[in-house]
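> Build me a structure from this.
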Amino acid sequence: MDKRVEKDQAELGTASPAPVPAARAIALLKALTPARLPIFGCAGFVAFLFLANLWNFAVERDWPKLRLRSAWPLYGVAKPKPAPWTLDAFLSGETQKAVSANLGRMSPVFPISVRAKNQFVYSLFGGSAAPGVAIGRNGQLYEQFYIDEYCARDGAFDPSRLNAWSATLRAIQEMAQARGKSFVYLISPSKAARYPEDLPRSAPCAARAAPEKLTPYRSALERAGVRYVDGPALIAAEKPKREIPLFPRGGTHWNSVGGALAMRDATRALPASPVGVLEFTSAPAPEALGTDRDLLDLLNLLWPDAHYPTAAIGRAGEKGDCARAPRLLALGGSFLHEVLAAATLAPCPPQIDYWFYMRTEDNNIELGHYRRAPGDASNGERLPATREELDENLAGADVILLEENESSIATTKQVGHLVEALRRLP
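Numbering: from 1, shown residues only. You can find the predicted model right below:
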């Protein structure tokens, strides 16, 4: 009877062969795979991160170029310090903490994670997750250091220190002239002091103007007969004339027009300027680049908006008839970048040795030395920042440009470094 039923079913095409173990396994795998794909994907991603971090940790010290990196690295993030491998450091937990921090920063997804968090804080709360960057009114970005310095101004000054400072600058000018070199001193402006109307509402002096700080400094320079360019006064005079602000919304430094105005006045102040007198043209730039967006970059957002008003400069007139490229030695901070970029448009573009003084995270001064070939508006080539190199630059210089920002005027190291180097010259 059973055989007859099976025969009938076979004839009708409805008989089902007994499943074999392999077919059953395949069917089970097909049923489970779609549901488990997210789990497999997450497990694979975690495994990739583990192996990538392990690889980066292995090659970081001896072969750093082999590291797996994000295509969009973070701005302004200090390089992780090596983990201390001592018994005391291990027992105190310092080694474990450093290894953990280093592994986290070495991860290829670390940059995008930071950017996502920063974008969330910026978009939802209008805040800055970047240390030292403050968001003012109308989207203006400020460096907190300059806000703190501006709001702390009370008009007080030390006359003895002021006189010593101006006397040193006078000595620098005289020693430079005695050796056939032109000298000019530049005061660069602070964004917080020159555009206080957009300070964050939380700033202590957001509702009032701080006292003018520079009046006694200007008087001291004039009494000493020092040749100088007053960047803050220049900005104050040009500010109402310019449709495009001289400090860009996303930057802490003056834009290319501000730097060019300062370089133009410097060449006018120099007697028989070997670089000629700078004249320039300006036009709106389609997008903020370089120092025009340095604070915007430090915010490390996923979608930074760099389409705000700023400008680009160009040469006015033809190059001069120069027997050789003059040599310009510049000592100062980051505000010199746009000034020196403008110098490349002078009638006789100079070779520029730029000695760069920058504050570090622990509030020390880091000194760098960059050389730009005549006409090169980029940062140029980084060279050793040794005393011997400074002396060589100074001996061959035709023009010396010394800069201090108004926020730290009469307190910087470049004044002392320059006078010491001049005294070392034969």
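> Low-confidence ranges, the stretch 51-200 of the chain, go.
For the stretch 51-200 of the chain, the stretches flagged by pLDDT under 70 are 51-72, 76-85, 89-90, 94-109.
> Let me see the ranges of the helices in the stretch 51-200 of the chain.
For the stretch 51-200 of the chain, the helices defined by DSSP state H, counting those that start in this stretch occupy 87-92, 94-106, 110-125, 144-151, 159-178, 191-194.
> Dump the ones you listed to TSV, plus mean neighbour count and distance to Arg423.
(C-beta placed from N, C-alpha, C; glycine too.) Shown next, in TSV, are the helices of the stretch 51-200 of the chain (neighbours: other C-beta atoms under 10 Å; distance: least, C-beta to C-beta, whole Å):
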stretch	mean neighbour count	distance to Arg423
helix 87-92	11	44
helix 94-106	15	43
helix 110-125	15	47
helix 144-151	19	31
helix 159-178	16	7
helix 191-194	26	33
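> mind checking which of the ones you listed is nearest Ser256?
helix 191-194 (15.1 Å; C-beta to C-beta).
> just checking, what packs against that closest one?
strand 141-143, helix 144-151, helix 231-238 (3 or more C-beta pairs under 8 Å, 6 or more residues apart in numbering; DSSP states H and E).
> For Ala209, give its distance to Ser188.
Ala209 sits at a distance of 20 Å from Ser188 (criterion: C-beta to C-beta, to the nearest Å).
> So for those two, which residue has more residues nearby?
Shown here are Ala209 and Ser188; by other C-beta atoms under 10 Å, Ser188 has more neighbours (28 against 11).
> quick revisit: so which of the helices and strands packed on helix 191-194 comes closest to Arg382?
For the helices and strands packed on helix 191-194, proximity to Arg382 was assessed by C-beta to C-beta; strand 141-143 is nearest, at 23.7 Å.
> Identify the residue spatially nearest to Pro73, adjacent ones excluded.
Pro111 (5.7 Å; C-beta to C-beta, 6 or more residues apart in numbering).
> what's near enough to touch Leu367?
355-358, 385 (C-beta atoms under 8 Å, 6 or more residues apart in numbering).
> can you do 7 Å?
355, 357, 385 (C-beta atoms under 7 Å, 6 or more residues apart in numbering).
> which residues pair with it across the strands?
In this entry, Leu367 is beta-bridged to Tyr357, by DSSP bridges.
> In the chain, which residue is most central in space?
The geometric centre of the chain, computed from its C-alpha atoms, lies nearest to Asp294 (C-alpha atoms, centre = their mean), at 5.0 Å.
> okay, now Val257: neighbour count?
22.
> List the contacts of it.
Going by C-beta under 7 Å, 6+ apart, the list of residues near Val257 reads 246, 282, 311, 313.
> Quickly list what the third one is bridged to.
Per DSSP bridges, residues listed as beta-bridge partners of Ala311: Pro284.
> re the thing from before, narrow the contacts of Val257 to those in strands?
282, 311, 313 (DSSP state E).
> Using JSON lines, lay out the contacts of Val257 together with neighbour count and distance to Ser166.
Formatted as JSON lines, the contacts of Val257 follow (neighbours: other C-beta atoms under 10 Å; distance: C-beta to C-beta, whole Å):
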{"residue": "Leu246", "neighbour count": "24", "distance to Ser166": "27"}
{"residue": "Ser282", "neighbour count": "17", "distance to Ser166": "34"}
{"residue": "Ala311", "neighbour count": "21", "distance to Ser166": "34"}
{"residue": "Ile313", "neighbour count": "23", "distance to Ser166": "32"}
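> now the residues you listed as CSV including distance to Gly396?
Conversion of the contacts of Val257 to CSV gives the following (distance: C-beta to C-beta, whole Å):
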residue, distance to Gly396
Leu246, 33
Ser282, 32
Ala311, 34
Ile313, 28
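> Need those in TSV (columns: pLDDT and distance to Leu425).
Listed next are the contacts of Val257 as TSV, based on pLDDT from 0 to 100; distance: C-beta to C-beta, whole Å:
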residue	pLDDT	distance to Leu425
Leu246	97	37
Ser282	95	38
Ala311	95	39
Ile313	96	34
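> ok, of those, which one's closest to Ala260?
Ile313 (5.0 Å).
> Check the gap between the closest one and Gly368 for me.
Distance of Ile313 to Gly368, computed by C-beta to C-beta: 24 Å.
> returning to what we had before: identify, from the contacts of Leu367, the entry nearest to Pro131.
Distances from Pro131 to those, taken by C-beta to C-beta, are shortest for Tyr357, at 20.9 Å.
> these two touch, right, that closest one and Gly416?
No: using C-beta atoms under 7 Å, Tyr357 makes no contact with Gly416, being 11.1 Å away.
> quick one on the thing from earlier: as a markdown table, the helices and strands packed on helix 191-194 with distance to Leu390 would be great.
Putting the helices and strands packed on helix 191-194 into a markdown table (distance: least, C-beta to C-beta, whole Å) gives the following:
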| stretch | distance to Leu390 |
| --- | --- |
| strand 141-143 | 28 |
| helix 144-151 | 26 |
| helix 231-238 | 24 |
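> name the element Glu420 belongs to?
Here Glu420, judged by DSSP states H and E, is contained in helix 414-424.
> can I have that helix written out in PDB, keeping just the CAs?
In PDB, the C-alpha atoms belonging to helix 414-424 read as follows (Å, rounded to 0.1, in the frame of the first residue of the first chain):
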ATOM      1  CA  GLN A 414      62.500  88.200  19.400                       C
ATOM      2  CA  VAL A 415      63.600  91.700  20.500                       C
ATOM      3  CA  GLY A 416      66.300  90.200  22.800                       C
ATOM      4  CA  HIS A 417      67.300  87.600  20.200                       C
ATOM      5  CA  LEU A 418      67.800  90.200  17.600                       C
ATOM      6  CA  VAL A 419      69.800  92.700  19.700                       C
ATOM      7  CA  GLU A 420      72.100  89.800  20.900                       C
ATOM      8  CA  ALA A 421      72.600  88.600  17.300                       C
ATOM      9  CA  LEU A 422      73.500  92.100  16.100                       C
ATOM     10  CA  ARG A 423      76.000  92.500  18.900                       C
ATOM     11  CA  ARG A 424      77.700  89.200  17.800                       C
END
